[in-house]
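# sequence plus predicted model, see below.
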Amino acid sequence: MTKNTKVNAAILIIGNEILSGRTKDTNTSTLATWLNSLGVKVNEVRTIPDEEDKIVTTLNILRKENDYVFTSGGIGPTHDDITASSVSKAFDLKYEIHKEAFEILQAYYKPGEFNEGRQKMVWMPNNAKLILNPTSGAPGFSVDNVFCLPGVPSILKSMLGGLKNEIVGGDPILSHTISLKTVESEIANSLLKVQNKNKDVEIGSYPFFHAGKLGVSIVLRSENKSRIDVCSTQILDFIKEKKIEIVDR
């Protein structure tokens, strides 16, 4: 893959705790923002339970349809952490102790603390490449175009820096936001006309409620700043014509 090509990714959130609502998913936002900055567009996000068949089936679909797949969750020390074994099955690889990961955690923990439960975190697909963890020791891993990260948001975020050189993206995806004191129905037709003239710019409108007032944020996204500028000018023209107030958020 080279620059100026369209590069895409899927995010696979794994965990019953996300589906039950007990845990709030913030990893999708973290991963998507980071990937966009590298020029990788997120095509799809799925959230699935800790079930081997579901993980294997979903992973095999996503890794064939996307340049990259990032998984979050299920690589800890408990019985329901089955992501590593499921990835092994998806790639038809042997599930075994990763020697380098074993050495890292053996050195990380005090004598006697690297117990059987924690040793579960060094079982990975054969020849998996480690993703180092500067926060809590236990590494993630990658196989081919699949990158497996922990579910704890702060730990996942701390591991992304070490992956930057592993990801080859296209041009960074830029964005520009115009926030208005209006409602979507008032600008819908005008916005559609602008979108039809600018097929290479992704235009989204998002209602918000701020300081007791309703408004709409228009978000323009493209790899090309000049195209965003053209689109923005067209939007500002109809905003002026309709006498709609621009607001700071």
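Cool, got the structure. Numbering: from 1, shown residues only.
# where does this protein have low pLDDT?
Where the chain drops to pLDDT under 70, the residues are 1-5, 249.
# OK, contacts around the residue nearest to the spatial centre of it?
Per Cα atoms, centre = their mean, the C-alpha nearest to the average position across the chain is that of residue 31, at 3.0 Å. Contact partners of residue 31, counting by Cβ atoms under 8 Å, 6 or more residues apart in numbering, are 11, 42, 70, 72, 156, 160. (C-beta placed from N, C-alpha, C; glycine too.)
# what helix or strand is it located in?
In the assignment (DSSP states H and E), residue 31 maps to helix 27-37.
# so what's residue 150 up against?
72-73, 75-76, 133, 136, 138, 140, 156, 159.
# return the subset of the residues you listed lying in strands.
Assignment to strands by DSSP state E places the following of these there: 72, 140.
# in TSV: the contacts of residue 150, plus distance to residue 176 and neighbour count.
TSV is the format used below for these (distance: Cβ to Cβ, whole Å; neighbours: other Cβ atoms under 10 Å):
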residue	distance to residue 176	neighbour count
72	29	28
73	33	27
75	37	24
76	40	18
133	35	22
136	37	16
138	39	19
140	34	28
156	28	22
159	30	19
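# so can I have JSON lines of the contacts of residue 150 showing distance to residue 51?
As requested, those are arranged in JSON lines below (distance: Cβ to Cβ, whole Å):
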{"residue": "72", "distance to residue 51": "16"}
{"residue": "73", "distance to residue 51": "13"}
{"residue": "75", "distance to residue 51": "15"}
{"residue": "76", "distance to residue 51": "16"}
{"residue": "133", "distance to residue 51": "25"}
{"residue": "136", "distance to residue 51": "26"}
{"residue": "138", "distance to residue 51": "22"}
{"residue": "140", "distance to residue 51": "21"}
{"residue": "156", "distance to residue 51": "21"}
{"residue": "159", "distance to residue 51": "25"}
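# got the domain ranges for the chain?
7-166, 174-246 (automatic domain parsing).
# kindly compare burial across those domains and name the winner.
With neighbours defined as mean count of other Cβ atoms under 10 Å, the domains of the chain peak in mean count at domain 7-166, which reaches a mean of 18.
# state the distance from the nearest residue to residue 77 once chain neighbours are set aside to residue 82.
The shortest distance from residue 77 to any non-neighbouring residue, by Cβ to Cβ, 6 or more residues apart in numbering, is to residue 117 (4.4 Å). The gap separating residue 117 from residue 82 is 14 Å, by Cβ to Cβ, to the nearest Å.
# right, and the helix or strand after the helix or strand containing residue 88?
Counting by DSSP H and E, the element that carries residue 88 is helix 83-90. With elements assigned by DSSP H and E, the helix or strand that comes after helix 83-90 is strand 95-97.
# identify all contacting residues around the very next helix or strand once past that next one.
Note on strand 95-97: by DSSP H and E, the next helix or strand toward the C-terminus is helix 99-108. With Cβ under 8 Å, 6+ apart as the test, helix 99-108 has contacts from 114, 118-119, 121-122, 124, 130, 132, 137-139, 141.
# let's see that with 7 Å instead.
114, 118, 121-122, 124, 130, 137-139 (Cβ atoms under 7 Å, 6 or more residues apart in numbering).
# and stretch 40-51, by the same measure?
Contacts of stretch 40-51 (Cβ under 7 Å, 6+ apart): 6-16, 18-19, 25, 28, 32, 35, 54-55, 58, 66, 68, 74, 80, 82, 167, 169, 173.
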